[in-house]
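Enquirer: Sequence plus predicted model, see below.
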Amino acid sequence: MKIIKKIFSLLLIVFIIAQFFGPEKNEGDLASIDAFFNETNPSEDVKIILKESCFDCHSDVTRYPWYNHITPVNYWLADHIKHGKKHFNVSNWESNSVKRKDHKFEELIEMVEDKSMPLNSYTWTHSEAKLTNKQVAAIIDWAKQVRFKYSLAPKPE
């Protein structure tokens with residue numbers, strides 16, 4: 001029994017010390033998404049959907065929940081955001097080629113249609129991010145319009 005108490009005490013001490021450390025936060029400026037909005041021209045309804053369901057992981061502007069202050073949860077969230085931004089980051093939209101932008105919208109349509117985005121692990125704690133069928137249709141319609149615009153853009157030779 002003494003060994004169990006010692007192990008528990010040691011784990012508790014490690015947990016408490018770990019609370020003083022954490023990953024760098026993803027705290028960008030809201031202006032970083034303006035170029036994306038200006039270029040893709042979403043309706044106000046779609047903008048709201050994007051802000052509530054997408055931008056926490058796919059931009060430099062993240063709204064952190066209260067539990068982000070708990071280690072190791074904060075490291076899990078940071079990794080989640082890092083991967084989300086790697087695949088689709090609206091904050092650096094201007095630096096992408098038209099071909100890449102079109103491809104990102106192709107992926108967006110596919111993932112929203114098959115309901116793999118937003119992730120279930122995100123919507124468990126962010127119920128406002130769950131998309132209704134009407135919201136899914138609005139996102140897909142907008143994304144298809146953006147893809148059409150990109151199809152008309154001049155291609156580099």
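Expert: Arrived safely. Numbering: from 1, shown residues only.

Enquirer: At the geometric centre of this protein, which residue sits there?
Expert: Nearest residue to the geometric centre of the chain (CA atoms, centre = their mean): C57, 1.8 Å.

Enquirer: can you list the weak-confidence ranges in this structure?
Expert: By pLDDT under 70, the weakly predicted segments of the chain are 18, 23, 26, 28-31, 155-157.

Enquirer: for it, what's the longest helix?
Expert: For the chain, the helix with the greatest residue count under DSSP state H is helix 133-152.

Enquirer: returning to what we had before: may I have the secondary structure class of the nearest residue to the residue nearest to the centre of the chain once chain neighbours are set aside?
Expert: For C57, ignoring the flanking residues on the chain, the nearest one in space by CB to CB, 6 or more residues apart in numbering is G84 at 3.2 Å. Using the backbone N, CA and C atoms, a C-beta is placed for each residue, glycine as well. The three-state assignment at G84 reads helix, by DSSP: H, G, I helix; E, B strand; the rest coil.

Enquirer: Check the spacing between G84 and I49 real quick.
Expert: Distance of G84 to I49, computed by CB to CB, to the nearest Å: 16 Å.

Enquirer: Next: F36.
Expert: As for F36, its distance to I49 is 14 Å (criterion: CB to CB).

Enquirer: and what of W76?
Expert: Note on W76: its distance to I49, by CB to CB, is 25 Å.

Enquirer: swap in I4?
Expert: Between I4 and I49 the distance, using CB to CB, works out to 50 Å.

Enquirer: shouldn't the residue nearest to C57 be in contact with F55?
Expert: No: G84 sits out of contact with F55 when judged by CB atoms under 8 Å, with a separation of 9.7 Å.

Enquirer: show me where this protein has strands.
Expert: Shown for the chain, no strands are assigned by DSSP state E.

Enquirer: which residues in it form helices?
Expert: All helices of the chain, identified by DSSP H, fall at 2-18, 34-40, 44-53, 55-58, 73-87, 98-113, 120-123, 133-152.

Enquirer: Would you format those helices as a markdown table with distance to E24 included?
Expert: Written out in a markdown table, the entries for the helices of the chain read as follows (distance: least, CB to CB, whole Å):
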| stretch | distance to E24 |
| --- | --- |
| helix 2-18 | 16 |
| helix 34-40 | 23 |
| helix 44-53 | 22 |
| helix 55-58 | 15 |
| helix 73-87 | 7 |
| helix 98-113 | 25 |
| helix 120-123 | 20 |
| helix 133-152 | 30 |
